[in-house]
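Visitor: give me a 3D structure for the following:
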Amino acid sequence: MSETLLQIWNNILTSNLFNFVVMLFVLGWIIKKFDIAGLLEKGRKSIEDNIQTSKDVKKKSLDKLYKTQEKTKEIDEEVFEILNKADKNATIVGKKLVDDAKRQATEFDKALQKTIDGNIKALNLNLSNKTAEASIQLAKKHIEKELENNKDLHMKFINESIDALNGVKL
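Guide: Residues are numbered from 1 along each chain as shown. As a prediction, the model looks like this:
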C-alpha cells in the first residue's frame with residue numbers, strides 16, 4: 001500500500017513538472033506571438049523620434065529668432081511669440097506621446113495578464129482532472145485487492161445487490 005502511495009505521489013510530481021514545462025512553453029509562445037518587447041521598443045523609438053523632431057523644431061525656431069534679431073531689432077515680440085508656440089507644441093506633442101506609450105504599455109500588460117490567468121486556470125483544471133483520475137484508479141485497485149483478499153465480501157456484495165433489485169417495484 002505504501003508503495004502504491006509512493007507511486008501515486010511520484011506520478012503527481014511528474015505531472016506537475018510536465019504541466020509547468022507546458023505552461024513555460026505556452027508563455028514563451030505568447031511573448032513571441034505578441035512581440036511585446038518589439039512593440040515597446042517601437043513605441044520607445046517613436047517617442048524618441050518625436051522628441052528629436054520637437055528638438056529640431058525648437059532649434060529651427062531659435063535659429064530663426066537669431067536671424068531675425070540680426071536683421072532687425074524691432075520684431076522681438078514676434079520672435080518671442082513664435083518661440084513660445086514652438087515650445088508649447090513640443091511640450092504638448094511630447095506629453096501626448098508619453099501618455100500614448102503609457103496607455104499602450106498598460107493595454108499590453110492587461111492582455112498578457114489575461115492570457116496568464118487563463119493558462120493558470122487551464123492548468124489547475126488539468127491538474128484536478130488528473131488527480132481525480134488517479135484517485136479513482138487507486139480506489140478501484142483497493143476494492144479489487146479487498147475482494148481478492150476476502151472472498152466472503154464479494155459474495156456479500158452480490159447478495160446485497162440481488163436483495164436491492166428484489167426490493168425495486170416496477
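
Visitor: and stretch 62-76, how far from the chain's centre?
Guide: Its chain's C-alpha centre lies 56 Å from the corresponding centre of stretch 62-76 when counted by CA atoms, centre = their mean, to the nearest Å.

Visitor: so for that stretch, what's the average pLDDT?
Guide: The predicted model gives stretch 62-76 an average pLDDT of 78.

Visitor: in it, what counts as buried?
Guide: Within stretch 62-76, the residues scored as buried using 16 or more other CB atoms under 10 Å are Leu65, Thr68. Where C-beta positions appear, they are placed from N, C-alpha and C, glycine not excepted.

Visitor: same question for stretch 80-98.
Guide: Residues of stretch 80-98 classed as buried by neighbour count (16+ other CB under 10 Å): Ile82, Ala86, Ala90, Gly94, Leu97.

Visitor: list the contacts of that stretch.
Guide: Identification of contacts with stretch 80-98 by CB atoms under 8 Å, 6 or more residues apart in numbering yields Ser46, Ile47, Asn50, Ile51, Ser54, Lys55, Val57, Lys58, Ser61, Leu62, Lys64, Leu65.

Visitor: please save the CA atoms from that stretch in PDB.
Guide: Taking Å, rounded to 0.1, in the frame of the first residue of the first chain, the C-alpha atoms of stretch 80-98 are listed here in PDB:
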ATOM      1  CA  PHE A  80       9.300  85.600 -28.700                       C
ATOM      2  CA  GLU A  81       5.700  84.500 -29.700                       C
ATOM      3  CA  ILE A  82       7.000  82.100 -32.300                       C
ATOM      4  CA  LEU A  83       9.400  80.500 -29.800                       C
ATOM      5  CA  ASN A  84       6.700  80.200 -27.100                       C
ATOM      6  CA  LYS A  85       4.400  78.400 -29.600                       C
ATOM      7  CA  ALA A  86       7.100  76.000 -30.700                       C
ATOM      8  CA  ASP A  87       7.900  75.200 -27.000                       C
ATOM      9  CA  LYS A  88       4.200  74.700 -26.200                       C
ATOM     10  CA  ASN A  89       3.700  72.500 -29.200                       C
ATOM     11  CA  ALA A  90       6.800  70.400 -28.400                       C
ATOM     12  CA  THR A  91       5.600  70.000 -24.800                       C
ATOM     13  CA  ILE A  92       2.100  69.100 -26.000                       C
ATOM     14  CA  VAL A  93       3.400  66.600 -28.500                       C
ATOM     15  CA  GLY A  94       5.900  65.100 -26.000                       C
ATOM     16  CA  LYS A  95       3.200  64.700 -23.300                       C
ATOM     17  CA  LYS A  96       0.800  63.100 -25.800                       C
ATOM     18  CA  LEU A  97       3.400  60.700 -26.900                       C
ATOM     19  CA  VAL A  98       4.300  59.700 -23.400                       C
END
